[in-house]
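Trainee: A predicted structure for the sequence below; I have some questions about it.
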Amino acid sequence: MAEGLDELLDEVEAKFCGLDAPGEPPGHGGGPTSGRTRARLSKMCSEASKGEEDIDGLISEIFEEPTFDKTPIKLKDKYSSHTSVRTSAQIQSKRCCPVYLGGSSAPLGIGTNISQRTCDQLRCTACDFRVLSFDDCLWDKSCDYLFFRNNMPELSKLKARLVEKKGSRAYACQCSWRSVEELIDLQTAPQLHWVCGQHKG
């Protein structure tokens, strides 16, 4: 192996360094100078191979860098200013707080402390029925639990026990009923298991 390297170095010296006279076999022209040149060339070869190893190491470090996996670049969407993201506060605002009942003159919608509107999305947590309401009506005194249990939600049968009265509103689910003329907070009627079932839009 060492002999082959020596021959190769002699050949390089002869061709590129001009140390051997023309016609002389390689390795016979330089004496001590050829030994120094040979040492310099072997040093250069070892440095070159070391440089290649360093480059390979740098390349592998770049590809093994963990920062590529961690935080992907977020591209700004040109339409992002036009898109609306619903926060939890916005979603919660679709429910009445507090929940109001009221007569037919009270406006319907999402009820708040500032905007006192009567909820039109009521649902009963006891029977799981939607609460129906009838403007300018109240329930007849003969209404009982069995009447609503058997007839809810068939409007034609329910109307048989409705009495017309201007300004009133009749509410009912399958297990409870109430006639209201003025605005009331549902918290003042704990016997009614009605909640706001969330408004759309």
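Mentor: Everything's here; your move.
Trainee: wasn't residue 157 part of a helix?
Mentor: Yes - with DSSP: H, G, I helix; E, B strand; the rest coil as the criterion, residue 157 is part of a helix.
Trainee: stretch 191-199 - what's its average pLDDT?
Mentor: Average pLDDT, stretch 191-199: 91.
Trainee: mind listing the helices for this protein?
Mentor: Using DSSP state H, the helices assigned to the chain run over residues 2-12, 32-64, 67-70, 88-92, 145-151, 155-158.
Trainee: the closest residue to residue 196 other than its chain neighbours: neighbouring residues, count only.
Mentor: Using CB to CB, 6 or more residues apart in numbering and skipping residues adjacent in sequence, the residue nearest residue 196 is residue 96, 4.0 Å away. To be clear about C-beta, it is placed using only N, CA and C from the backbone, and glycine gets the same treatment. By the criterion of other CB atoms under 10 Å, residue 96 has 24 neighbours.
Trainee: doesn't residue 110 make contact with residue 96?
Mentor: Yes - distance between residue 96 and residue 110: 5.5 Å, which falls inside the contact criterion (CB atoms under 8 Å).
Trainee: common neighbours of the two, please.
Mentor: Common contacts of residue 96 and residue 110 (CB atoms under 8 Å, 6 or more residues apart in numbering): 117, 119, 199.
Trainee: in a markdown table, list those along with distance to residue 15 and neighbour count.
Mentor: Below are the shared contacts of residue 96 and residue 110 laid out as a markdown table (distance: CB to CB, whole Å; neighbours: other CB atoms under 10 Å):
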| residue | distance to residue 15 | neighbour count |
| --- | --- | --- |
| 117 | 100 | 16 |
| 119 | 99 | 26 |
| 199 | 92 | 16 |
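Trainee: pick out whichever of these sits closest to residue 4.
Mentor: When those are ranked by distance to residue 4 (CB to CB), residue 199 comes first, at 89.8 Å.
Trainee: wait, doesn't that closest one sit right on residue 108?
Mentor: No - with contact defined as CB under 8 Å, residue 199 does not count as touching residue 108 (9.9 Å).
Trainee: so what sits against both of the two?
Mentor: Contacts common to residue 199 and residue 108, judged by CB under 8 Å, 6+ apart, are absent.
Trainee: how about the nearest residue to residue 111, chain neighbours excluded?
Mentor: Counting by CB to CB, 6+ apart, residue 111 lies nearest to residue 96, which is 3.9 Å off, once chain neighbours are set aside.
Trainee: give the other helices and strands that the longest strand belonging to the chain contacts.
Mentor: Longest strand of the chain, by residue count under DSSP state E: strand 162-172. Contact analysis of strand 162-172 by 3 or more CB pairs under 8 Å, 6 or more residues apart in numbering; DSSP states H and E lists strand 132-139, strand 177-180 as its packing neighbours.
Trainee: so what strands line up beside the last one?
Mentor: Based on DSSP bridges, the pairing partners of strand 177-180 within the sheet are strand 162-172 (antiparallel).
Trainee: many thanks, I have nothing further to ask.
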